[in-house]
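S.K.: Here is my input, please return the structure:
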Amino acid sequence: LHLAIRPGSDVALFNGLLAHLDSTGAIDRAYVLRHVTGLEAALEAAQEDAGDVAQTCGLDPADITTFYDWFTETPRTVTVFSQGVNQSSRGTDKVNSILNVHLATGRVGKPGASPFSVTGQPNAMGGREVGGLANQLAAHMNPDDPADIDRLRRFWNAPSLKGGQGLKAVDMFRAIGEGRIKALWIMATNPAVSLPDADLVREALRLCPTVIVSDIVGSTDSLDYAHIRLPALGWGEKDGTVTNSERRISRQRPFRDAPGEARADWWIMSKVATVMGYGTAFSYRTPGDIFREHAILSGLENDGLRAFDIAAWGRMKEADYAGMQPFQWPMPVGAKRGTDRMYADGRFTHGNGRARMLAVRHVPPVERASLRFPLIANTGRYR
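M.R.: Next up, the predicted model:
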């Protein structure tokens, strides 16, 4: 059944489903009572949207009825979502509307029954685990949480570590254009092509006093603006780990030797840090050294509130790392193997152990088609 919903109407569709589940007695009240908070507020908001779902979504009411009946009657339901849901002005609300119907029915962490976010790039999960986002710190810690900031300061002996979120990609290039950022190091990406508002990005690169680019080819649009060029390793030359969408960490072993003077990103950063006077903090000899530090940090003062915990690997020897077999986190201290399924026991990563249903309402997209402008163009993705 293909529901070609009107763009941006996802929340209305799933709020209507939540209201339907309530009216048909399909909510698992026993599960919610034990493991979930926020049901009543979420239901109240959903019922506000439930009256005109067909009109809001631009669908045949019969198709909506079919979808709602199928979901209600099918215990094994997986909801797969990706960029179309995530990357929009109401992306967070869309995700929460999906999570709400799964929490209300207890379809979380069970075989064939769970919400499933699919990332858009290889190792996107791994990038989040090490803090590779402007609004996330290493080991899934929160830059807005004073306790997490303090924990990292102590672990890294870095008293000057700054709290608060950093600038996201487009905002960062605006800051460069305004003179608030004086140096930029670009690794494994080509923002002069891949980011929206490319003219702004290229002008910022032109104005930035110091642009460093690590890449594996001799010429890209971003390299054209580089004051310093560094030869990096390509995928088949790298040694480390990657994480897929089911939390499975796998060892990536190189099958090609490094060409010319190309070196690993971690090696390059360590050498630069040493020249800047921080050599003792970057005295890594192998990728295994870095992984062990990463693992130890993940378990530091972790009482189960941070789901990402691979502390069992913190004391492994280099040979163990070299022979690592794929495993799923969490794998805390003392664990002999990873965790196949999360949340199957109904315990969630909030202080009270309960999941949170959130009240969300349908809000139309920020940009809408009109008679004068009948088409909406997005930035797209291409290689």
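
S.K.: residue boundaries of the strands in the chain?
M.R.: 36-37, 78-81, 114-117, 183-187, 210-215, 228-231, 240-243, 248-252, 327-328, 355-356 (DSSP state E).

S.K.: ok, and the helix or strand in this structure with the lowest average confidence?
M.R.: helix 83-86 (a mean of 86; mean pLDDT, DSSP states H and E).

S.K.: Please provide the alpha-carbon coordinates for it, formatted as PDB.
M.R.: The C-alpha trace of helix 83-86 is given here as PDB (Å, rounded to 0.1, in the frame of the first residue of the first chain):
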ATOM      1  CA  GLN A  83      16.400  11.400   5.300                       C
ATOM      2  CA  GLY A  84      12.800  12.100   4.100                       C
ATOM      3  CA  VAL A  85      11.600  12.200   7.700                       C
ATOM      4  CA  ASN A  86      14.700  13.400   9.400                       C
END
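
S.K.: picking that back up, out of the strands of the chain, which is closest to residue 6?
M.R.: Proximity to residue 6 (C-beta to C-beta) singles out strand 78-81 among the strands of the chain, at 17.1 Å. Heads up, the C-betas are built off the backbone N, CA and C, glycines and all.

S.K.: Paired strands for that closest one, with orientation please.
M.R.: strand 114-117 (parallel) (DSSP bridges).

S.K.: still on that earlier bit, what residues sit buried inside the least confident helix or strand of the chain?
M.R.: residue 85 (16 or more other C-beta atoms under 10 Å).

S.K.: what sits up against stretch 319-339?
M.R.: Counting contacts by C-beta atoms under 8 Å, 6 or more residues apart in numbering, the residues outside stretch 319-339 that touch it are 129, 241, 243, 246-251, 287-288, 291-292, 299, 302, 307-314, 340, 342.

S.K.: likewise stretch 301-316?
M.R.: Counting by C-beta under 8 Å, 6+ apart, 129, 139-141, 151, 249, 291-292, 294-296, 298-300, 320-321, 324, 329-336, 342, 347, 349-351 sit against stretch 301-316.

S.K.: Just the buried positions in that stretch, please.
M.R.: 302, 306, 307, 308, 309, 310, 311, 312, 313, 314, 316.

S.K.: ditto for stretch 99-119
M.R.: Quick answer for stretch 99-119 (16+ other C-beta under 10 Å): 99-110, 113-115, 117, 119.

S.K.: circling back: and the strands of the chain: which comes nearest residue 125?
M.R.: strand 240-243 (4.2 Å).

S.K.: Remind me what the closest one packs against, helices and strands.
M.R.: helix 124-129, strand 248-252, helix 287-299 (3 or more C-beta pairs under 8 Å, 6 or more residues apart in numbering; DSSP states H and E).

S.K.: can you list contacts of it?
M.R.: Counting by C-beta under 8 Å, 6+ apart, 122-123, 125-126, 129, 249-252, 287, 291, 324, 329 sit against strand 240-243.

S.K.: In those, which has the lowest confidence score?
M.R.: Among these, residue 122 has the lowest pLDDT, at 77.

S.K.: Dump stretch 137-145 to PDB, restricted to CA.
M.R.: Only the C-alpha atoms of stretch 137-145 are listed here, as PDB (Å, rounded to 0.1, in the frame of the first residue of the first chain):
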ATOM      1  CA  LEU A 137      30.400  15.000  22.400                       C
ATOM      2  CA  ALA A 138      32.400  11.800  22.400                       C
ATOM      3  CA  ALA A 139      30.700   8.600  23.600                       C
ATOM      4  CA  HIS A 140      27.200  10.100  23.200                       C
ATOM      5  CA  MET A 141      27.800  12.800  25.800                       C
ATOM      6  CA  ASN A 142      25.900  16.000  25.700                       C
ATOM      7  CA  PRO A 143      27.600  19.400  25.300                       C
ATOM      8  CA  ASP A 144      24.700  21.100  27.100                       C
ATOM      9  CA  ASP A 145      25.100  18.800  30.200                       C
END
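
S.K.: Helices of the stretch 101-250 of the chain, start to end?
M.R.: Along the stretch 101-250 of the chain, the stretches classed as helices by DSSP state H, counting those that start in this stretch are 124-129, 146-156, 169-177, 191-194, 198-207.

S.K.: Now do the first one: distance to the chain's middle.
M.R.: Put plainly, it is helix 124-129. 6 Å (C-alpha atoms, centre = their mean, to the nearest Å).

S.K.: which strands and helices sit next to that helix?
M.R.: Under the contact criterion of 3+ C-beta pairs under 8 Å, 6+ apart, helix 124-129 touches strand 240-243.

S.K.: again, only using 10 Å
M.R.: Applying 3 or more C-beta pairs under 10 Å, 6 or more residues apart in numbering; DSSP states H and E, one finds that helix 124-129 contacts strand 240-243, strand 248-252.

S.K.: now the first one: mean pLDDT?
M.R.: The average of the pLDDT scores along strand 240-243 is 94.

S.K.: buried stuff in it?
M.R.: So, applying 16+ other C-beta under 10 Å, buried residues of strand 240-243: 240, 241, 242, 243.

S.K.: Using PDB, write out every CA atom in stretch 353-364.
M.R.: C-alpha atoms of stretch 353-364 as PDB (Å, rounded to 0.1, in the frame of the first residue of the first chain):
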ATOM      1  CA  GLY A 353      14.200   3.800  33.100                       C
ATOM      2  CA  ARG A 354      11.100   4.800  31.200                       C
ATOM      3  CA  ALA A 355      10.600   5.900  27.600                       C
ATOM      4  CA  ARG A 356       9.000   9.200  26.900                       C
ATOM      5  CA  MET A 357       6.100   9.800  24.600                       C
ATOM      6  CA  LEU A 358       6.000  13.400  23.500                       C
ATOM      7  CA  ALA A 359       3.000  15.500  22.500                       C
ATOM      8  CA  VAL A 360       3.500  16.600  18.900                       C
ATOM      9  CA  ARG A 361       1.200  18.500  16.500                       C
ATOM     10  CA  HIS A 362       1.100  18.700  12.700                       C
ATOM     11  CA  VAL A 363       2.600  22.000  11.500                       C
ATOM     12  CA  PRO A 364       2.800  22.700   7.700                       C
END
